[in-house]
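**Student:** okay, predicted coordinates and the sequence, questions at the end:
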Amino acid sequence: MSIIERGVSKSIRIFKRTVFKRNAPDFIIAGAQKSGTSSLYYYLSQHPNLSASMPKEVRYFDRDDNFNKGKIWYERSFINLNSNNKDCLFFEATPEYMYRSFATERMHEQYPDLKIILILRNPVKRAYSAWNMYRDFLKLKKLPGKIPSKNGYINDRQNNLAKEFYKAEKFPSFEEAITSEILKIEQNSELEEPSLLRRGIYLTQIKRFHDLFGKEKVLILGFADLIQNKKNTLNEILRFLNLKESDWDFLKDEPKNSRDYPERMSKEMEDKLKAFYTPYNDALFDYLGTKINW
C-alpha cells in the first residue's frame, strides 16, 4: 500500500469512527503473537453476525497513549456497517493483550463480561516466526514511528526490543537472540523484551485470563486446527459465542501475514528449544487436561 493509499484509508477510518454509532466489544482475539490471529480475524469478519474492528489491532489496553484516550475512543473502533443486522457481535484482535499482564487486567476492569479467544502455536515455531518478523522490520527502520525509542506500552519505559534488535551494530542471529533471552529468564530480568521465548510460555498467560474472566469465557484453540480443520474450528468459535453453526460457504479462504523464511532453523537450535519448552508444555497440558494441536 502506497503512502497516499494509507492516508486515504486512515481518513476513511477516522470519518467512520466519527459518524457511526460506537459499540462495546463482545469478544477479543487476544493472542498469541504469530499464531494466526490475522487469519482468524479475517475469517470471522466475513460472518454476517460478526463485526470486526477497524483496524484489526486497536491496541487500546496495551498502549498508554491509546488507553488514555478512554473508552469512547476505543468503542469508536466498533461500528456496524450492516444496518439490516442489529444483533451482530463486535470484536478485535490484538496479540499483545495476551503477553502484557496489565493489558489483561485493564480488559477485565473495563469489560468484565468479555469473551476471550486465544490461539496457541508450537512455541518453538512461534519463536522462529517472531524473530523472522522482527528481522523483516529492518526495512521499515527509516520510517518514522515504526521503531520508536519508547515501547509505547507503559509511559517512559525504554523499548529494549529496539535497543537489542535495531540499535545494535547488527541485527542478532536467532541463536544470539535466544541465548540472550535465556540469560534474562535465568536472571529473572524485569526487561520484557525481546520476548521470543517468553511469549511461548503460555500457562502463566492463560491462568491470568482464567483467574480474571473465568474458564468458561476463555476459548483456547490450536494453530494447526485453524489450518487443518478450519470450518470445524470456526464453528467451535460460533458455539462459544452462542451462535448457530454455519457451512461457511461464503468464506474467502486465504491466510494473512504468512511469510517465507530465507533459511530453516538449525536442527541443533530446534532440539535446544524443544528441550527448553518441554517442562513448560507438560505443565500446560496437565493444567488444561489435554494437548493442544498446534
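**Tutor:** Cool, the structure landed.

**Student:** can you check which helix is longest in the chain?
**Tutor:** What stands out as the longest helix in the chain, according to DSSP state H, is helix 267-288.

**Student:** what comes into contact with the helix or strand harbouring Arg126?
**Tutor:** Arg126 belongs to helix 123-136 when assigned by DSSP states H and E. Helix 123-136 is contacted by residues 32-35, 121, 161, 165, 171, 174, 177-178, 194, 196-197, 199-202, 259, 261, 265, 270, 273-274, 277, 280-281 when judged by Cβ atoms under 8 Å, 6 or more residues apart in numbering. Just so you know, the C-beta spots here come from the backbone N, C-alpha and C atoms, and that holds for glycine as well.

**Student:** ok, of those residues, which come out buried?
**Tutor:** In terms of neighbour count (16 or more other Cβ atoms under 10 Å), the buried residues within these are 32-35, 121, 161, 165, 171, 174, 177-178, 194, 196-197, 199-202, 265, 273, 277, 280-281.

**Student:** which ones among those lie within helices?
**Tutor:** Using DSSP H, the members of the buried ones among the contacts of helix 123-136 that fall within helices are 161, 174, 177-178, 202, 273, 277, 280-281.

**Student:** in CSV, list those residues along with distance to Ile116.
**Tutor:** Shown next, in CSV, are these (distance: Cβ to Cβ, whole Å):
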residue, distance to Ile116
Leu161, 25
Phe174, 31
Ala177, 29
Ile178, 29
Tyr202, 13
Leu273, 27
Tyr277, 23
Tyr280, 21
Asn281, 21
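
**Student:** closest one of those residues to Trp248?
**Tutor:** Tyr202 (27.6 Å; Cβ to Cβ).

**Student:** surely the closest one and Tyr287 touch.
**Tutor:** No - Tyr202 lies out of contact with Tyr287 (Cβ atoms under 8 Å); the separation is 9.7 Å.

**Student:** check what pLDDT Tyr97 gets.
**Tutor:** Listed pLDDT for Tyr97 reads 97.

**Student:** ditto for Phe15
**Tutor:** With respect to pLDDT, Phe15 has a value of 55.

**Student:** ok, and the closest non-adjacent residue to Tyr273?
**Tutor:** In this structure residue 273 is Leu, not Tyr. Distances taken as Cβ to Cβ, 6 or more residues apart in numbering place Val124 nearest to Leu273, at 4.4 Å, with adjacent residues excluded.
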